[in-house]
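**Q** no sequence on this one, just coordinates:
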């Protein structure tokens with residue numbers, strides 16, 4: 001094989017995902033697909049596909065979902081992953097595969113450069129890898145970094161407070177946090193709703209990159225208080241990568257006197273049986289979190305760019321640090337398994353009640369998941385910004401949640417590594433997490449194929 005053929009093969013894999021993931025779902029590639037990636041790519045795609053005299057068939061339902069999940073692992077799109085889906089209150093998909101770390105604990109998982117063909121022969125799941133260290137297999141309860149899938153968990157704390165009458169969504173933040181802004185300033189007009197819909201005018205703060213203060217609520221609050229508006233509240237939408245968490249976290253502390261990680265544990269996670277989910281890595285527990293690895297981009301339509309200021313490798317290096325994972329960053333530092341994320345969304349689909357426990361009233365849930373903001377993409381490029389109160393809304397084109405997802409879909413995504421969604425139309429709650437951070441195009445391809453396969457196979 002030529003030196004460039006492994007890269008070509010992975011490009012063929014993602015191209016196939018973009019057209020429905022058929023290579024994963026049938027016994028052999030179709031004639032049209034054999035032209036992608038050259039003979040070397042075809043040979044690799046055919047490796048491991050059992051030759052049979054039986055007629056070729058397209059699998060359906062759960063088997064189709066399972067096959068695509070495993071196919072992505074086999075092709076090296078990530079090292080370890082979980083996929084969980086609830087239909088109503090029934091967990092109908094609960095898949096885990098690949099590896100989360102090495103037994104040594106200090107060695108990085110291989111990247112594209114270390115494992116160029118992405119094959120499981122190199123990583124030897126469940127055995128010893130090519131570096132000579134024992135692999136740690138992914139289990140259904142393994143914890144992964146959730147990145148921005150933490151935001152809906154933080155928003156749920158505000159939903160609980162609104163449900164209890166402790167605040168209202170249109171309250172100015174200063175009503176509960178007087179130091180947030182000077183009296184009579186434009187910043188004092190920022191409301192709870194503005195923050196939950198990314199229209200606060202505060203997409204950045206001075207403490208966003210100050211990792212050493214991420215465990216200090218007072219320092220984080222001071223950073224928000226010092227931040228200046230970039231635009232008038234409610235007039236624009238600008239995604240609040242970190243500031244969403246700082247503002248929501250301090251709002252909860254001002255109203256309740258509790259840190260948001262503690263409040264979320266008592267009022268959201270414990271009632272829903274989410275025992276392995278946390279906002280921030282607990283510093284008083286021995287908690288294992290899947291080792292992240294950043295895959296560098298290899299197939300682009302446009303020029304390379306940064307994701308939230310990071311390359312994929314830099315994001316992995318930063319968020320593998322225990323001190324960063326311990327940060328009280330309700331926008332990014334959540335950890336937990338996919339099955340508990342899916343359970344969270346199943347509760348919202350069920351009007352705020354799950355397994356006999358009512359978390360929220362139906363009215364509060366209806367307002368939280370409703371469409372509150374919709375803005376077209378800048379210059380007609382990209383995806384429309386569609387937000388509920390702490391949730392991203394589906395139904396736009398293009399859409400990582402399907403082609404496209406139904407208009408009622410709500411959920412969130414995490415930096416090149418995870419996706420959650422829930423659909424009133426199908427009564428499905430979906431959560432996918434992995435430890436392989438990929439650039440936008442690559443991540444969108446694998447997620448869209450998984451989402452559409454789940455939707456078409458299980459709805």
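**A** It's in. Quick caveat: nothing in here was measured; it's all calculated off a predicted structure.
**Q** which SS class is residue 136?
**A** strand (DSSP: H, G, I helix; E, B strand; the rest coil).
**Q** Which residue comes closest to it once chain neighbours are left out?
**A** When the adjacent residues along the chain are set aside, residue 136 lies closest to residue 101, with 4.4 Å between them (CB to CB, 6 or more residues apart in numbering). Placement of C-beta: from N, CA and C, glycine included.
**Q** In contact with the one you found, which residues?
**A** 109, 135, 136, 288, 290, 291 (CB atoms under 8 Å, 6 or more residues apart in numbering).
**Q** Show me where the stretch 351-459 of the chain dips below the pLDDT cut-off.
**A** Scanning the stretch 351-459 of the chain for pLDDT under 70 picks out 377-384, 397-403.
**Q** can you map out the helices along it?
**A** Along the stretch 351-459 of the chain, counting by DSSP state H, counting those that start in this stretch, helices occupy 362-369, 440-458.
**Q** Include mean neighbour count and distance to residue 324 when you put those into JSON lines, please.
**A** Shown next, in JSON lines, are the helices of the stretch 351-459 of the chain (neighbours: other CB atoms under 10 Å; distance: least, CB to CB, whole Å):
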{"stretch": "helix 362-369", "mean neighbour count": "18", "distance to residue 324": "29"}
{"stretch": "helix 440-458", "mean neighbour count": "22", "distance to residue 324": "21"}
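**Q** Indicate which one of the ones you listed is closest to residue 315.
**A** With CB to CB, the closest approach to residue 315 among these belongs to helix 440-458: 11.9 Å.
**Q** Might you calculate how far the closest one sits from the centre of the chain?
**A** 13 Å (CA atoms, centre = their mean, to the nearest Å).
**Q** Show me the domain layout of the chain.
**A** 1-58, 145-458 (automatic domain parsing).
**Q** Mean neighbour count, the ones you listed: which tops it?
**A** Each of the domains of the chain was scored by mean neighbour count; the highest is domain 145-458, a mean of 20, by mean count of other CB atoms under 10 Å.
**Q** Can you tell me how far residue 253 is from residue 138?
**A** Distance from residue 253 to residue 138, counting by CB to CB, to the nearest Å: 34 Å.
**Q** And the strands in the stretch 351-459 of the chain?
**A** Taking DSSP state E, counting those that start in this stretch as the criterion, the stretch 351-459 of the chain carries its strands at 353-354, 357-358, 373-375, 385-387, 392-393, 410-414, 418-423, 428-434, 436-437.
**Q** Look up how far residue 79 lies from the closest residue to residue 291 other than its chain neighbours.
**A** Spatially, and ignoring its direct neighbours in sequence, residue 291 is nearest to residue 101 (4.3 Å; CB to CB, 6+ apart). Residue 101 is 9 Å from residue 79, where distance means CB to CB.
**Q** anything in contact with each of these two?
**A** Both residue 101 and residue 79 are in contact with residue 109, where contact means CB under 8 Å, 6+ apart.
**Q** can you give me phi and psi for the closest residue to residue 336 other than its chain neighbours?
**A** In space, and not counting its chain neighbours, residue 336 is closest to residue 277: 3.2 Å by CB to CB, 6+ apart. Dihedral angles of residue 277 (phi, psi; degrees, to the nearest 10) stand at phi -100, psi 140.
**Q** residue contacts, residue 277?
**A** Contacts of residue 277 (CB under 8 Å, 6+ apart): 153, 269, 334, 335, 336, 337, 340, 341, 344.
**Q** out of these, who's nearest residue 404?
**A** Distances from residue 404 to the contacts of residue 277, taken by CB to CB, are shortest for residue 341, at 21.6 Å.
**Q** Check the average confidence over the helix or strand encompassing that closest one, would you?
**A** Per DSSP states H and E, residue 341 falls inside helix 338-349. Averaged across helix 338-349, pLDDT comes to 98.
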